[in-house]
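S.K.: need the 3D shape of this:
(one chain, ligands or ions: 2)
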Amino acid sequence: MKFIGLMSGTSVDGIDAALVEVTGKEYNVQIELLATHTGNYPAGLRNRILSVCHGAPLTMADIVELDDEIAISFADVANHLGQADVVASHGQTVYHRPPTNNNLGYSWQLGRGALIAHLTQTPTISDFRAADIAAGGQGAPLVPPVDASLLSDPQRHRCIQNIGGIGNLTYLPPWDRADSPPESIIGWDTGPGNALIDWAVHAFSNGTLTYDHDGNWAAQGNPCQTLIDQWLEQSFFKQPPPKSTGRELFGASYGQRCWQEAQAFDLDQADFLATLTAFTAATIVDSYRQLPRLPDEVLLCGGGSQNGYLRSQLQSRLPDIPILTTDDVGLDSRFKEAIAFAILGYWRWHQHPGNLLTVTGASHPCLLGHIHKVKDHLATEISK
Ligand SMILES: Nc1ncnc2c1ncn2[C@@H]1O[C@H](COP(=O)(O)OP(=O)(O)OP(=O)(O)O)[C@@H](O)[C@H]1O
Ligand SMILES: CC(=O)N[C@H]1[C@@H]2OC[C@@H](O2)[C@@H](O)[C@@H]1O[C@H](C)C(=O)O
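M.R.: Ligands and ions are numbered 1, 2, ... in the order given. Predicted structure coming up:
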């Protein structure tokens, strides 16, 4: 079956789409990547999404309008790719609140599936995080079981490290993918990916730049290890998994606090960017120290894998471990999340639970996502 996976992540830097032929059963799936495309949000919409993520107040009418505008953008990108049997759309996260001891979590993705189904005339699956959250889970990260299916090695322990706006890891013990995945597959959000770096670059460039290309700006400075050690003391990094996070924690006000603290060390802008980038690498390695053992190799994905300075900071903290990208083992690192949602959609369509309890902490396996069928409501009404 052909699935289109649609994803826009916490960086809100575009809608990634992958048209994938998926075959196989449960965790033993095979894919053929048929086409990919990245669509941009129309001018202004990205800024509105970012301001909502930063807490801008909205009326109900504003929210509804935003929901539909995002759905229209997602549908345009899907239509650009061609015809599929099913569309699987993550949507755009605008709010994520992890669960606490007393409260269920809450995760809100805009871009309603019903409108995407209508505009693409294709059944559409959306709201992938809701069922896991209702079962007491974090609702994130959801990609680890897909990583297990596509990237497990029969001999080597691997870490798959996504560096998007937020970072997340999947720890894959050796597995030949023949039967159920080992219980010891784990994963969680490691903390900031590019979120703090992007925030600082945007602020220092008066809004003219959105990211530090290849880490060139950071490479001109020197990281302050004292600050990095101080920031690593924060409770999120001490919290045991399962855990997830978002821009609600690692957003503009977190960045501003870091910048204020940097004043005591006389850091200039390049030193500060070097420190934020090295901090991001340190948070990832800090997570690896909580694994049953260090991996034999790390496979990076997400935009941060393109940041040479960030990669060199990771490598210097893991000197004996090869740091590669998923491209090195044949999986396109730029479209991995879109491909992952195509597979999560395939699992939903075939009634296979998509969540891994060892990752999200949910109480039971769940079917992830709500299926919106294509219906001509009016015709149905008239024929009654
Ligand atoms: N050439 C590059 N050099 C440095 N950084 C880059 C480069 N290309 C992309 N990035 C970074 O990657 C970010 C986008 O990454 P990605 O698209 O993986 O994030 P996302 O999917 O939106 O986030 P998440 O995975 O948290 O949902 C950009 O905002 C930028 O910071
Ligand atoms: C709530 C939400 O959108 N979380 C994202 C975000 O971006 C990275 C990290 O935080 C991860 O937990 C998740 O995305 C990926 C696709 C996931 O669920 O695996």
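S.K.: count of neighbours near the residue in the stretch 151-300 of the chain positioned nearest to ligand 2?
M.R.: Among the residues of the stretch 151-300 of the chain, residue 166 lies closest to ligand 2, at 3.5 Å counting by CB to the nearest ligand atom. All C-beta atoms are positioned from the backbone trio N, CA, C, and that covers glycine. Residues lying near residue 166 (other CB atoms under 10 Å) number 27.
S.K.: now the one 5 residues further on
M.R.: When neighbours are counted by other CB under 10 Å, residue 171 registers 27.
S.K.: same check on the one 10 residues further on?
M.R.: Residue 181 sits with 19 neighbouring residues when counted by other CB under 10 Å.
S.K.: may I have the beta-bridge partners of the residue of the stretch 151-300 of the chain closest to ligand 2?
M.R.: Going by DSSP bridges, residue 166 is paired in beta bridges with residue 192.
S.K.: for it, what are its contacts?
M.R.: 10, 189, 191, 192, 193, 195, 245, 246, 247, 250 (CB atoms under 8 Å, 6 or more residues apart in numbering).
S.K.: dump those to TSV, plus neighbour count and distance to residue 357.
M.R.: As requested, the contacts of residue 166 are exported to TSV (neighbours: other CB atoms under 10 Å; distance: CB to CB, whole Å):
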residue	neighbour count	distance to residue 357
10	23	24
189	27	17
191	26	23
192	31	26
193	30	25
195	27	27
245	23	19
246	21	21
247	24	26
250	25	26
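S.K.: can you redo these as a markdown table with distance to ligand 2?
M.R.: Shown next, in a markdown table, are these (distance: CB to the nearest ligand atom, whole Å):
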| residue | distance to ligand 2 |
| --- | --- |
| 10 | 5 |
| 189 | 5 |
| 191 | 10 |
| 192 | 10 |
| 193 | 7 |
| 195 | 9 |
| 245 | 7 |
| 246 | 5 |
| 247 | 9 |
| 250 | 10 |
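S.K.: can you show me the strands along the chain?
M.R.: 2-8, 15-25, 28-39, 86-97, 106-110, 124-126, 158-163, 166-172, 186-192, 297-301, 323-325, 370-372 (DSSP state E).
S.K.: hmm, the second one touching ligand 2?
M.R.: Put plainly, it is strand 15-25. No. In terms of CB under 6 Å from any ligand atom, no part of strand 15-25 sits within range of ligand 2; the closest distance is 10.5 Å.
S.K.: what mean pLDDT does that strand get?
M.R.: Mean per-residue pLDDT for strand 15-25: 97.
S.K.: run through who's touching it.
M.R.: Residues contacting strand 15-25 (CB under 8 Å, 6+ apart): 1-9, 29-41, 73-74, 77-78, 80-82, 84, 334-335, 337-339, 342-343, 346, 350, 352.
S.K.: among these, which ones are buried?
M.R.: Among these, those classed as buried by 16 or more other CB atoms under 10 Å are 2-9, 29, 31, 33, 36-37, 39, 41, 73-74, 77-78, 81, 84, 334-335, 337-339, 342-343, 346, 352.
S.K.: pLDDT at residue 376, what is it?
M.R.: pLDDT recorded at residue 376 is 57.
S.K.: correction: the previous question concerned residue 332.
M.R.: For residue 332, the predicted pLDDT is 96.
S.K.: pretty sure it is touching residue 340, no?
M.R.: No. Counting by CB atoms under 8 Å, residue 332 stays clear of residue 340, with 11.4 Å between them.
S.K.: more neighbours: these two, which one.
M.R.: It is residue 340, of residue 332 and residue 340, that has more neighbours when counted by other CB under 10 Å, with 30 against 16.
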